[in-house]
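Visitor: need the 3D shape of this:
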Amino acid sequence: MLFADLGHCQLHYRLDGLPDAPLLVLSNSLGTDLSLWEDQIPAFTRSFRVLRYDTRGHGQSSLSSEPTTVAALAADVVALVDHIGADRFSLCGISLGGITGMALGLHYPERLQGLVLSNTAARIGVPETWNTRIAALQSQGLQSLVEAAMERWFTPDFRSKHSKVVDNFRQRFVRNSPEGYAACCAALRDADLRESVSGIRIPTLVMTGAHDPVATTEDARFLTEKITCSVYAELAAAHLSNVEAGAEFSHRVLDFLLQCEKFSQGMTVRRAVLGDAHVDRSLAQLNDFNREFQDLITRYAWGEIWTRPGLSRHTRSLVTLAMMVALNRGEEFRLHVRAAFNNGVTREEIKEVLLQAAIYCGVPAANAAFYAAQQVFDEVEQTRTGLGAR
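Guide: Residues are numbered from 1 along each chain as shown. The predicted model follows:
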């Protein structure tokens, strides 16, 4: 068994997959442990290094000496990822794990590449319900709650056809620490992210179960409306959709996260070529109308084409400049003159491209391009001179 000492508690975790693959963290729901994800591991490890863990007070993880809040659970994830020596990661969380993911998206966006929020809500339940459950737990123990949990987690049809699976979850439920379960119930009782969840800017997949009585389809649609970079998916399942609809769940998550990986690669190249200032201006104008277009160009233009090994970025800049002249795309031409400098292109090389274009695209097109290029040269020189004067 692997344990990470976080100071206030020890987290039990497991790593699967190739060490150099992108990292995917799996965060379990209330009352379950890392075995929740067994059906997903074969599929997920084909593309990711998978880190799953027992939430504090669940499974083999110890109780925490500090108060348990949703923000604290998110901090646990970051500390665990630091413990294994990783930096950026994607996260897939169900229920409690999903609201933990929301807190990560709000407080640690620089660490996340993609986010899957499954069978969760910005506010799960109401305080009165949680207080009633905590009181029953304290007076009668976890055994008194187990049957109601199974009814929430699985549809009647699944419970009748897969009794051994349900029995396994029933046994694991009662093995959890009552104190740990109660602490996480209190964290969910006190968590209300309805006003803040719109601050999440991470590409997000919101998944729900059509028959989930805990985090309903309405809850999922609320998240999709509030989180700008999000998509919605609905499965024929109750609360533990990754178990009841395992194959479709795995397919949806993998398809989404692999797109996120391509988006991340594309964004890295896009920033390297065009510069942070230009990309930040583009992203600041992101809205429901242009979001899919920005996603398209980042994944395909920058993530697929500019990352291909057949041509260097230097050569791609020269080719792009020639095409912008031929198509008379003035603003894009100016943009890529600036970008060319980031790729090691010289003024002499730009001049040669424009002379070539004069013959094959026409003198008027080349004349306009020479004029535009000179304007960019002058602006770049003024910027350099200004920085030097400081």
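Visitor: what residue is smack in the middle of the chain?
Guide: By C-alpha atoms, centre = their mean, the mean C-alpha position of the chain lies nearest to residue 114, the distance being 1.4 Å.
Visitor: where does residue 121 land in three-state SS?
Guide: coil (DSSP: H, G, I helix; E, B strand; the rest coil).
Visitor: apart from its chain neighbours, what residue comes closest to it?
Guide: residue 219 (3.6 Å; C-beta to C-beta, 6 or more residues apart in numbering). No exception for glycine: its C-beta is placed from N, CA and C like everyone else's.
Visitor: what domains does the record give for this protein?
Guide: 2-264, 310-390 (automatic domain parsing).
Visitor: quick one, which of those is packed in tightest?
Guide: Comparing those by mean neighbour count (mean count of other C-beta atoms under 10 Å), domain 2-264 ranks first with a mean of 19.
Visitor: for that one, measure first residue to last.
Guide: From its first residue to its last, domain 2-264 covers 30 Å (C-alpha to C-alpha, to the nearest Å).
Visitor: as a whole number, average confidence for it?
Guide: The pLDDT scores in domain 2-264 average 96.
Visitor: rewinding a little: partner strands of the helix or strand containing the residue nearest to the centre of the chain, with direction?
Guide: When elements are assigned from DSSP states H and E, residue 114 belongs to strand 112-118. Next to strand 112-118 in the sheet, as set by DSSP bridges, lie strand 89-94 (parallel), strand 204-209 (parallel).
Visitor: can you say which of these is nearest to residue 124?
Guide: Closest to residue 124 of the strands paired with strand 112-118, according to C-beta to C-beta: strand 89-94, at 11.5 Å.
Visitor: ok, and what's touching that closest one?
Guide: 22-29, 36, 48, 51, 77, 81, 99-101, 104, 111-120, 240-242, 253, 257, 260-261 (C-beta atoms under 8 Å, 6 or more residues apart in numbering).
Visitor: and it, C-alpha only, in PDB?
Guide: Taking C-alpha atoms only, strand 89-94 is exported to PDB below (Å, rounded to 0.1, in the frame of the first residue of the first chain):
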ATOM      1  CA  PHE A  89      -3.100  17.000 -14.000                       C
ATOM      2  CA  SER A  90      -6.700  16.300 -15.100                       C
ATOM      3  CA  LEU A  91      -9.300  15.300 -12.500                       C
ATOM      4  CA  CYS A  92     -12.400  13.100 -12.700                       C
ATOM      5  CA  GLY A  93     -14.600  13.200  -9.600                       C
ATOM      6  CA  ILE A  94     -17.900  11.800  -8.700                       C
END
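Visitor: on that earlier part again, might you report the residue contacts of the residue nearest to residue 121?
Guide: 120, 121, 122, 124, 208.
Visitor: nearest to residue 351 among those residues?
Guide: For the contacts of residue 219, the nearest to residue 351 is residue 122 (56.3 Å; C-beta to C-beta).
Visitor: correct me, but that closest one touches residue 192?
Guide: Yes: between residue 122 and residue 192 there is a contact under C-beta atoms under 8 Å: 7.2 Å.
Visitor: any common contacting residues for the two?
Guide: With C-beta under 8 Å, 6+ apart, residue 122 and residue 192 have no common neighbours.
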